[in-house]
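Mind looking at a prediction? Sequence and model below.
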Amino acid sequence: MVNPLENLTSTNTCGSLIFCKECGNLLDMLGDNDIIVCGMCGLTQKTDAFGDFEVITRSSEHAFPSALKNKRSLVQQQPKKREAAATIKEKCPKCGAPEMSFHTMQLRSADEGQTVFYNCTKCGYKYSINS
């Protein structure tokens, strides 16, 4: 006959959850009592058997979504590689080079114009204009 008060094996635990050895029911930890009684099959077990378990928990980085975390991840993403910028005959305000590269982005509301970003191909000077 199996002694119902013998120590548990690791097959009766899953993280911090403890299951009955006989029927597999999830056991309730009841305060300061010395024994735990299974509500399904009536098996009794000493609480001492559960005292030395090390519980390690891990969670996925997506387990607890928040608006702040989502904003932070958007900012920290690697910038997408842009297609080669177009060039235009525009004089650089800094070095006077006759040609600059440019690209556009819609940064303001949809009913307003887009922003044009200029980059000097000679000295690297950058500026933008809202069109």
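Cool, the structure landed.

Where do the strands of the protein begin and end?
Under the criterion DSSP state E, strands of the chain are mapped to 13-14, 17-18, 35-37, 44-46, 86-88, 100-105, 115-120, 126-130.

nearest to L26, of those?
Proximity to L26 (CB to CB) singles out strand 17-18 among these, at 6.2 Å. From N, CA and C alone the C-beta is placed, and that goes for glycine too.

one step back: got JSON lines for the strands of the chain, with mean pLDDT and mean neighbour count too?
As requested, the strands of the chain are exported to JSON lines (pLDDT from 0 to 100; neighbours: other CB atoms under 10 Å):
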{"stretch": "strand 13-14", "mean pLDDT": "57", "mean neighbour count": "12"}
{"stretch": "strand 17-18", "mean pLDDT": "75", "mean neighbour count": "15"}
{"stretch": "strand 35-37", "mean pLDDT": "80", "mean neighbour count": "16"}
{"stretch": "strand 44-46", "mean pLDDT": "79", "mean neighbour count": "16"}
{"stretch": "strand 86-88", "mean pLDDT": "91", "mean neighbour count": "11"}
{"stretch": "strand 100-105", "mean pLDDT": "91", "mean neighbour count": "16"}
{"stretch": "strand 115-120", "mean pLDDT": "92", "mean neighbour count": "17"}
{"stretch": "strand 126-130", "mean pLDDT": "92", "mean neighbour count": "12"}
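
With distance to S60 as extra columns, can I get these in TSV?
Listed next are the strands of the chain as TSV, based on distance: least, CB to CB, whole Å:
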stretch	distance to S60
strand 13-14	17
strand 17-18	19
strand 35-37	31
strand 44-46	32
strand 86-88	42
strand 100-105	33
strand 115-120	37
strand 126-130	39
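
What separation is there between G113 and M105?
11 Å (CB to CB, to the nearest Å).

Could you tell me how many residues sit around K89?
The burial count assigned to K89 is 7, neighbours taken as other CB atoms under 10 Å.

Next, give phi and psi for it.
Dihedral angles of K89 (phi, psi; degrees, to the nearest 10) stand at phi -80, psi 90.
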